[in-house]
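Novice: I would like to see how this sequence folds:
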Amino acid sequence: MRAVVTVLALWLAGLGSAAQFGKLSFSFDLMAARYPEHGAAGIGLIVSIVGIVGLVFGTTAGLLVARVGPRRAIVAALALGAVVSALQTLPLPYAALILTRVLEGVSHLAIVVVGPTMIAGLAPPRHQGLAMTLWSSFFGVTYALLALIAPPLLAGGSVAALFLTHAVWMAALAVILALLLPRDPAAPPLPSIGGLVRQHGTIYASPRMAAPAMGFVFYTALYVALLTLLPPLLPEGQRALAAAGMPLLSIAVSLTLGVWGLRYISAVQMVQAGYGAGLVATLALWAGWDQPVLALVAAFALAGAMGIVQGASFASIPQLNDTAGDRARASGAVAQLGNVGTTTGTPLLALLIAQIGPAGVVVFALPLCAAGILLHWIQARRRQA
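Specialist: Residues are numbered from 1 along each chain as shown. As a prediction, the model looks like this:
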């Protein structure tokens, strides 16, 4: 029972880490009014800089967590997140706010590295697929919850209520996980800078540690870009339904069909199956673009396929890596390449749509789905060799 409670607490910490992005997304207009001189690009930097930290230091975080200890890392990260979120309610100068967001990026990165690593170790083998798929849902669930609670908290024209709520959430989970998690062993010495660089090479050369990340990067590029830019291309009456339904369907498919499938085939095979379904859904979207009902169904099918990839990608971390250290390294690589996908996917799809219209979705999605299948096939062949 303690293991179940601890897994749920780690997942709740994941919700808090996703809210480090979401709270700024939902309060974008209020932040723009607070810093009018910096324009949309300046406010966009406030939102995205958390991901940039992960993009640069994701794999490094995986290496450091393996040495610092997961309990120390996640409790410190949650406490830091609570302090920073509380500070952000103050009328900080823009440069100071950017600094708090960099610190929030460090907090976010530690949580998303430690969370799946510890869940994989706590869940019994027969429930590992379910536990890892649950973890994978943290981003979508957070945005769905924020869509409900953020508007009333922001209705007074201030971000304070929302940001303080987030601070309390993070502080409470820091205390809860400090009590629930087992103590870390004595921390070994940290590696040198040269050692960190060499270990980056070791991670990405490994067909076990690198494989989850190399499959996940195409998912993050697809998922964020499609949720952002596909609904506005649909007929006007379907846009709101697609915008609300695609992320929810993705989560539902991940937690049902995705978990069921993991009983019968490996996580890597499930990732490939998800990308295969994405290929079929993209072709259906192309064929049915002029038929509104078919286009909507195909968009939902594409979102569902990405849900399968999402959960199975996280489930592949413990399936491919036996030790906590290797899982932390693999999770760091997932965080790093995941941020590569979220950073590059949406601008690339927007450019394609601007150049060739709705067909840009097909040109964008087909090669990414095919690449996800191919790279996992190559890594599987390397593991067999």
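
Novice: domain assignment for the protein?
Specialist: 2-190, 202-384 (automatic domain parsing).

Novice: per-residue confidence averaged over the longest one?
Specialist: What domain 2-190 shows for mean pLDDT is 84.

Novice: And for S316, the neighbour number?
Specialist: By the criterion of other C-beta atoms under 10 Å, S316 has 28 neighbours. C-beta here means a position set from N, CA and C on the backbone, and glycine is covered the same way.

Novice: What's the separation between it and V309?
Specialist: Using C-beta to C-beta, to the nearest Å, one gets 10 Å for the distance from S316 to V309.

Novice: same thing with A18?
Specialist: Counting by C-beta to C-beta, the gap from A18 to V309 is 18 Å.

Novice: okay, and the common contacts of S316 and V309?
Specialist: Shared contacts of S316 and V309 (C-beta atoms under 8 Å, 6 or more residues apart in numbering): 215, 271.

Novice: thinking again about what came up before, who has more neighbours out of A18 and V309?
Specialist: Using other C-beta under 10 Å as the criterion, A18 and V309 rank with V309 on top: 29 against 22.

Novice: Reduced to three states, what does R263 come out as?
Specialist: For R263, the assignment made with DSSP: H, G, I helix; E, B strand; the rest coil gives coil.

Novice: got the contact list for it?
Specialist: G129 are the contacts of R263 under C-beta under 8 Å, 6+ apart.

Novice: Check the gap between it and I119 for me.
Specialist: The value you get for R263 to I119, if C-beta to C-beta is used, is 18 Å.

Novice: Likewise for L92?
Specialist: From L92 to I119 the distance is 35 Å (C-beta to C-beta).

Novice: ok, now A277?
Specialist: A277 is 25 Å from I119, by C-beta to C-beta.

Novice: now do V65
Specialist: For V65 relative to I119 (C-beta to C-beta), the value is 14 Å.

Novice: thinking Q88 is in contact with V159, fair?
Specialist: Yes: between Q88 and V159 there is a contact at 7.4 Å, judged by C-beta atoms under 8 Å.

Novice: So for those two, which residue has more residues nearby?
Specialist: Shown here are Q88 and V159; by other C-beta under 10 Å, Q88 has more neighbours (25 against 22).

Novice: ok, that one - contacts?
Specialist: Neighbours of Q88 in contact, by C-beta under 8 Å, 6+ apart: 97, 100, 159, 163.

Novice: Output the residues you listed as TSV; include the columns secondary structure and distance to V224.
Specialist: As requested, the contacts of Q88 are exported to TSV (DSSP: H, G, I helix; E, B strand; the rest coil; distance: C-beta to C-beta, whole Å):
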residue	secondary structure	distance to V224
L97	helix	23
T100	helix	24
V159	coil	23
F163	helix	23
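
Novice: want to throw those into TSV with distance to W11?
Specialist: Listed next are these as TSV, based on distance: C-beta to C-beta, whole Å:
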residue	distance to W11
L97	29
T100	25
V159	25
F163	22
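
Novice: Next, give me the two most distant ones among the residues you listed.
Specialist: Spatially, the most separated pair among those is T100 and V159, at 12.6 Å (C-beta to C-beta).

Novice: for I74, what are its contacts?
Specialist: By C-beta under 8 Å, 6+ apart, I74 lies in contact with 10, 13, 110-111, 114-115, 118, 177, 181.

Novice: Out of the residues you listed, which end up buried?
Specialist: Buried residues within the contacts of I74, defined by neighbour count using 16 or more other C-beta atoms under 10 Å: 10, 13, 110-111, 114-115, 118, 177, 181.

Novice: picking up where we left off before, please identify which of L92 and I119 sits among more neighbours.
Specialist: Taking neighbours as other C-beta under 10 Å, L92 and I119 compare with I119 leading, 25 against 15.

Novice: Wait, that one touches G129, no?
Specialist: No: the criterion here is C-beta under 8 Å, and I119 misses it with G129 at 11.3 Å.

Novice: Return the distance of the longest helix seen in the chain from the chain's centre.
Specialist: The single longest helix within the chain, with elements called by DSSP state H, is helix 324-356. Helix 324-356 sits 9 Å away from the centroid of its parent chain (C-alpha atoms, centre = their mean, to the nearest Å).
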